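okay, predicted coordinates and the sequence, questions at the end:
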Amino acid sequence: MNISLILAHPNPVSFNHAIAAVAHETLTQQGHTVFFHDLYAEQFPALLPFEEFSKDADVPPEIQRYCDELIASDGIIIVHPNWWGQPPAVLKGWVDRVIRPGVAYRFLDGDNGEGIAEGLLHAKAALVFNTGNTPLVREINVFGDPLEALWKKCIFEFCGISNVYRRLFLVVVTSSPEMRQAWLNEVRQVVGQYFPSSKM
């Protein structure tokens with residue numbers, strides 16, 4: 001299978017990078033092709049220009065590459081921290097420019113955009129691994145865990161992917177090395193479960 005693995009964290013020694021490394025290693029060991037992108041390292045151009053709004057717009061070749069990989073993906077993994085209840089700006093820009101009309105979704109003929117979209121992505125599953133520093137009770141009761149609805153409802157289900165798994169690791173800043181290792185073991189298990197070996 002082809003799996004898109006998208007990482008968004010500016011610190012190369014962050015726990016997010018450790019999560020992405022374990023996911024990448026697991027996918028490779030399972031025989032999958034991995035489209036891996038560290039958006040900060042690649043300096044992904046996050047600003048969406050008006051010229052790209054239309055589904056028929058000509059997008060730059062470097063953006064079209066991401067689009068083509070997304071279309072070809074049998075699975076998607078997103079790794080990022082929770083910043084103000086949102087993904088980092090570079091990842092939001094990736095969503096804006098890559099999960100675009102004609103690639104990830106379309107509106108039916110005669111619909112001017114206010115209707116229900118038809119999802120175009122054929123990925124069998126999407127995994128989202130988030131990190132945060134807010135205790136779970138406060139995250140749920142005070143903030144409402146906004147990333148849950150964002151990734152599951154507003155993005156992946158909208159684009160045709162109903163099998164969405166999201167895991168929020170808390171509290172990273174006070175976690176022990178043993179806890180982080182246990183979390184990485186969990187990442188390995190989940191990735192292997194959703195994207196089992198393709199080797200014959």
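Structure's in. What do you need?

hey, let's count contacts and neighbours off CA atoms from now on
Fine.

per-residue confidence at N130?
If you check N130, the pLDDT there is 96.

can I take it that it is in a helix?
No: applying DSSP: H, G, I helix; E, B strand; the rest coil, one finds N130 to be strand, outside a helix.

pretty sure it sits against Y165.
No: counting by CA atoms under 8 Å, N130 stays clear of Y165, with 11.1 Å between them.

beyond the helix or strand containing H17, next helix or strand please.
Using DSSP states H and E, H17 sits in helix 15-29. Tracing the chain C-terminally past helix 15-29 and defining elements by DSSP H and E, one meets strand 33-38 next.

who does that next one pair up with?
strand 2-7 (parallel) (DSSP bridges).

can I get the partner strand in CSV? Just the C-alpha atoms.
Extracted as CSV, the C-alpha positions of strand 2-7 are listed here (Å, rounded to 0.1, in the frame of the first residue of the first chain):
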residue,chain,number,x,y,z
ASN,A,2,0.9,3.6,-0.4
ILE,A,3,0.8,5.6,2.8
SER,A,4,1.0,9.4,3.2
LEU,A,5,2.8,10.3,6.4
ILE,A,6,2.7,14.0,7.2
LEU,A,7,4.6,15.5,10.2
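
out of N130 and Y165, which sits in the busier spot?
N130 (20 against 16; other CA atoms under 10 Å).

show me what that one is bridged to.
For N130, the beta-bridge partners are H80, L168 (DSSP bridges).

please apply the same query to L7.
Bridge pairing for L7 - DSSP bridges - gives D38, V79.

give me the pLDDT for it.
At L7, the model reports a pLDDT of 98.

go on, P135?
For P135, the model assigns a pLDDT of 62.

equivalent analysis for G110, please.
73.

tally of neighbours for it?
By other CA under 10 Å, 7 other residues sit near G110.

for this protein, what spans make up the helices?
15-29, 61-72, 89-98, 136-138, 146-149, 177-194 (DSSP state H).

list the buried residues in the longest one.
Pointing back at helix 177-194 there. By 16 or more other CA atoms under 10 Å, the buried positions in helix 177-194 come out as R180, W183, L184, V187, R188, V190, V191, G192.

with adjacent residues omitted, what lies nearest to the second one?
Right, the one you point to is W183. F169 (7.5 Å; CA to CA, 6 or more residues apart in numbering).

can you tell which of the helices of the chain is closest to A8?
helix 89-98 (6.1 Å; CA to CA).

what's next to that closest one, contact-wise?
Residues outside helix 89-98 that contact it (CA atoms under 8 Å, 6 or more residues apart in numbering): 8, 39-40, 44-48, 52, 63-64, 66-67, 70.

gap between that helix and the chain center?
Computed by CA atoms, centre = their mean, to the nearest Å, the chain-centroid distance of helix 89-98 equals 10 Å.
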